[in-house]
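**Student:** A predicted structure for the sequence below; I have some questions about it.
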Amino acid sequence: MLIPENYRSGFATIIGKPNVGKSTLLNRLIGEKLSIVSPKPQTTRHRVKGIYTDKERQIVFIDTPGYLKPRYELQKQMMKSIEEGINDSDLLIFITDHKFPTDYDKQLCEIIKKEKRVNKFAILNKIDLMSDDIKDNIVSQLTDIGFSEIACISAVKDENMSVLIESISRYLPQSRPYYPLDDLSDMPVRFFAQEIIREQIFLSFRDEVPYSSTVTVEKFIELDNKIEILANVWFERRTQKIIFIGEKGKKIRSITEQSERELYKFLKKRVKLELWVKIKQDWRKKKNALKEFGY
């Protein structure tokens with residue numbers, strides 16, 4: 001593709017409270033499931049880059065973990081990734097919903113007000129869940145905060161998404177694309193494989209089990225007719241391991257089968273997945289363990 005002189009390219013970091021729809025928004029914009037999604041807060045732990053490219057622009061979206069007050073080392077690392085995302089951006093996108101303003105929203109808006117180097121763009125998501133009066137009231141409050149522009153969308157319903165792309169691109173500099181035109185992310189396939197497995201854990205368990213888990217891919221072997229994956233699922237306690245395996249291994253078999261189906265959708269190839277369950281005591285609180293697990 002011939003790159004026109006007025007081509008725009010840049011980085012846009014998405015920030016917001018937990019469960020506001022950041023990952024759903026990224027997946028909708030890119031057209032592929034790059035960020036895992038579950039009803040539980042704190043599902044996203046890494047900064048995930050999703051690359052939107054067309055004839056006129058390349059927007060590198062950075063999906064960050066939901067903003068929260070960190071209680072242990074893993075959450076500190078998650079908050080650090082938000083700060084790095086803000087520093088690396090041409091545009092800061094704040095996303096909120098019909099519950100605005102929560103305490104998390106207020107804390108984020110205070111951070112945003114202090115940020116003078118980048119343009120600030122607000123997205124009001126889940127407009128399908130609010131009346132026009134509520135929507136207008138929230139838009140008025142966001143305008144008073146000082147956002148350059150406010151877009152009203154529903155990521156789940158795919159409402160106003162094409163308009164959103166046009167609006168965002170106006171705030172990016174004229175530049176050649178940063179990544180090859182057919183790239184959707186700069187993350188390795190192994191990363192997405194382990195995230196898909198972790199998503200199934202979040203969807204299948206309640207309480208502490210999903211939050212105490214992480215996944216590492218030890219082997220990723222691509223054969224002619226299938227992909228073989230060996231992954232370790234790590235927990236902090238033996239009791240969590242027992243719950244994950246389930247009676248006579250029923251639960252781990254279910255997680256394996258669900259993960260294989262989702263991996264097939266992403267990789268477009270049959271997957272044979274083997275899960276090993278291991279324990280690393282209090283890994284979320286230890287810097288060395290977090291580094292080992294890629295945080």
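**Tutor:** Thanks, I have the structure now.
**Student:** doesn't Leu273 fall inside a helix?
**Tutor:** No - using DSSP: H, G, I helix; E, B strand; the rest coil, the assignment for Leu273 is strand, not a helix.
**Student:** tell me the contacts of it?
**Tutor:** Ile197, Ile229, Ala231, Thr256, Ser259, Glu260, Leu263 (Cβ atoms under 8 Å, 6 or more residues apart in numbering). Where you see a C-beta, it was placed from the backbone N, CA and C, and this is true even at glycine.
**Student:** Looking at those residues, which are in strands?
**Tutor:** Cross-referencing the contacts of Leu273 against strands under DSSP state E gives Ile229, Ala231.
**Student:** Looking at the contacts of Leu273, state which has the most neighbours.
**Tutor:** Counting neighbours by other Cβ atoms under 10 Å, Ile197 leads the contacts of Leu273 with 28 neighbours.
**Student:** measure that one to Lys219 for me?
**Tutor:** 13 Å (Cβ to Cβ, to the nearest Å).
**Student:** To which secondary structure element type does the residue of the chain most remote from its centre belong?
**Tutor:** Distance from the C-alpha centroid of the chain peaks at Lys248, with 33.8 Å (Cα atoms, centre = their mean). With three-state DSSP as the basis, Lys248 sits in helix.
**Student:** so what's it scoring on pLDDT?
**Tutor:** Listed pLDDT for Lys248 reads 94.
**Student:** for this protein, what spans make up the strands?
**Tutor:** Here the chain has its strands, by DSSP E, at 8-16, 48-53, 57-63, 91-96, 119-124, 149-152, 214-222, 227-235, 271-279.
**Student:** and for the second one, what are the contacting residues?
**Tutor:** When contacts are defined by Cβ under 8 Å, 6+ apart, strand 48-53 is touched by residues 23, 26-27, 29-30, 32, 34-35, 58-63, 165, 177, 179, 181-187.
**Student:** Which one of the contacts of Leu273 is nearest to Thr102?
**Tutor:** Closest approach between the contacts of Leu273 and Thr102, by Cβ to Cβ: Ile197, at 30.7 Å.
**Student:** what's near enough to touch that closest one?
**Tutor:** Applying Cβ under 8 Å, 6+ apart, the residues contacting Ile197 are Val215, Ala231, Val233, Ile255, Ser259, Leu263, Leu273, Leu275.
**Student:** so Ile196 touches Glu260, yeah?
**Tutor:** No - between Ile196 and Glu260 there is no contact under Cβ atoms under 8 Å: 9.7 Å.
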